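Student: Fold the following.
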Amino acid sequence: MEDMRLALILNAISPAIGGVLVRGEKGTAKSTAVRALTAVLPPVDVVAGCRFSCSPARPDPGCPDGSHPAGSAAQRRPARLVELPVGATEDRLTGSLDLGRALTEGVTTFQPGLLAGAHRGVLYVDEVNLLHDHLVDLLLDAAALGTNYVERDGVSVRHEARFLLVGTMNPEEGELRPQLLDRFGLTVEAAAPRDPASRAEVVRRRIAFDADPVAFAARFAAAEASLAADIAAAQERLPAVVLDDAALERIAGVCAGFDVDGLRADIVIARTAAAHAAWRGGLAVSREDIRVASRLALPHRRRRNPFDAPGLDERQLDEALGGPDEEPEPDPPSGGGPDAGGPDPGDGGRDAGPPDGDGDGARQDAPGTPDSPAGPGTAGRESVAPSGPAFRARRLEVPGKGQGAAGRRSRAATDVGRSVGARPPLPSSRTLDLHLTATLAASAPHQRRRGRSGPGLVLEGGDLREHRREGRESNLVLFAVDASGSMAARRRMEAVKGAVLSLLLDAYQRRDKVGLVCFRGSGAELLLPPTSSVDAAARRLETMPAGGRTPLAAGLAEAHATLRRERLRDPLRRPLLVIVTDGRHTAGGDPAAAAQNLRRDGIAAVVVDCESGPVRLGLAVALAQALGAEYLNLGGLPAGGPQAGAGGPQAGAGGPQAGGRAPRAGDATGLSAQALADSVRGLRADRADRADPVRQPIRAGRPSRTDRKVA
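Tutor: A predicted model of the protein is given here:
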């Protein structure tokens, strides 16, 4: 919690640092700390009547409210805290044309957005990881440039937008993309204290606040005023802080030593170190200032893929920093800096990475070894296989057009995306995305009858039209993974885990929710309920054991029950069921009934056939036929088409079609699941005529001329 406090204070001293991202578990007072920040920020002087909070001492020459002459009337107000809700639209964030005045008065007027309201204050985004990516991009661009540029609805406006950006998020609900993480200046981890005395004090203060909020605020008023004075003094000291060449070379050495991409980290560390020097009362940046800045600016920039946890090896940091300064900094003046209530930079801090949970330690404790074979005859043995190499997976889609949240997977009618026409607004909703051309066209024929006499148009409610947009939505991707003993043989589970991990990476990039069901032994288990945290699914997949019999029917039933529950919670999010199996079922009932139930509910499914080895039974083809599902084998999962050896022993393994892919059943454009089943049966019969008819295995190889003709 001290890291969070320090990061907020340093950004208050120097908003050019680029903001703070607070990551932490639920119930750790992240939002409370952010909302309390404005109470210790100095008040601001603004030009009276200016909607963009221009400073009287240095007004914005391009202010949309007009240039403010010297000596304009000024007023002092507290620093604002502007909150950006998760459901905000682009025009609400950046501002837009005042359509009401444009249509009724015929004038072009810019209506400020939240960025204008947050100028010279704090812009707070709770659950920033759930905000649409394009809004996060706009937000971070404005924060980095200090200016908001608006080019939309026929208006071209720019205005200053310098604010302290603070975002909070719970990693369990999904991660930000590494490109967006890099745009936040500092990142800190918030965790609840484990010391019973500290926890008891938190509860004690909360009870005291609920009993008498006024008395509680008065109790800490003096400390709050002292902290506000220290921040104001540090802001005044900041321009005088010296950042010499030796300090810059040390910063560059740290970033190079940690192999950080780009140069943004170097700039952020330099600004943060200068702010920390001003906060502690120093006049030059020291080694310790750089160390503190590196601990706050580097952990989230060391991620190489979405499943890497942010963290920093402090021993490596000390080695990169080199030896101590030859001339230590003088003691800070009394009454300010960390000794007056801030954190002690000499403590070294704690590692920003999360504690080891169900990672390598859990895997070491798992029974068995990754390479130990298991099968139906060894139902009591289990093994935990490592994940195979990941690859860029092809995009799996839900057929049809949905209406879910904006994403990057399936076609949908969304609020963002390309405009494909106009429509009257829904009676129960307010028009937010007005189609100006269509509205004018609808009202133009009626102007004479309505008695138009001025420059504006005479509009009625029936004239309004809104954009009909089409984009892509995010889906719920539920993985049902066969973890039976047959999957543990011949390193098959290693390839399966690599394939599922690749699909999880694809789901992360397409902003999907994911869930994980595994079936083995005598039943099925929901390892991970539907969540936006793809890295949580990856951790569960990594430690998932394999062994026992194959209750395929139980796996389908558990997946169906999970999807039905989720449909009640989020009816607009369409599901995609990905079943990873070889099609065998050696325990429980016949899976045909469960498959028919899924098909009757209209649940889109994909069957990924992971059958390998010299024997091909083709059972996954029959499962795909029963589900009305798309059929793929491991070799057909990589993007760009099947490749020999991709995801399995050879292309086409697991199905009679070279390349291992069949379109959805009933699709006349390619080989259907029914045709695949017929092809398998024909291949069996053909070989039975030429060999022992008792039990002849189906061997992988090039399809016969008859099979190619069917394809």
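Student: going forward, measure contacts between C-alpha atoms and count neighbours the same way
Tutor: OK.
Student: check contacts around the closest residue to residue 151 other than its chain neighbours.
Tutor: Of all residues not flanking residue 151 in the chain, residue 157 sits nearest, at 6.7 Å (C-alpha to C-alpha, 6 or more residues apart in numbering). Residue 157 is in contact with 64, 110, 149, 150, 151, counting by C-alpha atoms under 8 Å, 6 or more residues apart in numbering.
Student: Closest one to residue 238 out of these, please.
Tutor: Using C-alpha to C-alpha, the shortest approach to residue 238 within the contacts of residue 157 belongs to residue 149, at 28.6 Å.
Student: from memory the closest one sits against residue 161, does it?
Tutor: No - using C-alpha atoms under 8 Å, residue 149 is not in contact with residue 161; the gap is 9.5 Å.
Student: Give the intersection of the neighbour lists for those two.
Tutor: residue 142.
Student: of these two, who's got more company?
Tutor: Higher neighbour count among residue 149 and residue 161: residue 161, with 26 against 18, using other C-alpha atoms under 10 Å.
Student: the domain parsing of this protein - what is it?
Tutor: 27-169, 225-345, 363-397+475-710, 406-473 (automatic domain parsing).
Student: before we move on, back to that, export the host helix or strand of the residue nearest to residue 151 to PDB, keeping only CA atoms.
Tutor: According to DSSP states H and E, residue 157 maps onto strand 155-160. Presented in PDB, the C-alpha positions along strand 155-160 are these (Å, rounded to 0.1, in the frame of the first residue of the first chain):
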ATOM      1  CA  VAL A 155     -15.800  20.000 -36.100                       C
ATOM      2  CA  SER A 156     -12.000  20.300 -35.700                       C
ATOM      3  CA  VAL A 157     -11.100  21.300 -32.100                       C
ATOM      4  CA  ARG A 158      -8.100  21.100 -29.900                       C
ATOM      5  CA  HIS A 159      -7.800  22.000 -26.200                       C
ATOM      6  CA  GLU A 160      -5.400  21.400 -23.400                       C
END
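Student: Which secondary structure state does residue 396 sit in?
Tutor: coil (DSSP: H, G, I helix; E, B strand; the rest coil).
Student: Can you tell me the closest non-neighbouring residue to it?
Tutor: residue 409 is the one closest to residue 396 (C-alpha to C-alpha, 6+ apart), at 7.4 Å.
Student: Which neighbouring elements make contact with the strand or helix carrying that neighbour?
Tutor: Assigned by DSSP H and E, residue 409 falls within strand 406-423. With contacts taken as 3 or more C-alpha pairs under 8 Å, 6 or more residues apart in numbering; DSSP states H and E, strand 406-423 sits against strand 466-473.
Student: 10 Å - rerun?
Tutor: helix 133-145, helix 436-443, strand 466-473, helix 492-509 (3 or more C-alpha pairs under 10 Å, 6 or more residues apart in numbering; DSSP states H and E).
Student: quick one, which of those is packed in tightest?
Tutor: helix 492-509 (a mean of 24; mean count of other C-alpha atoms under 10 Å).
Student: Next, the angle from that one to strand 406-423.
Tutor: Interaxial angle of helix 492-509 relative to strand 406-423 (axes from the mean of the first three to the mean of the last three C-alpha atoms, to 10 degrees): 40 degrees.
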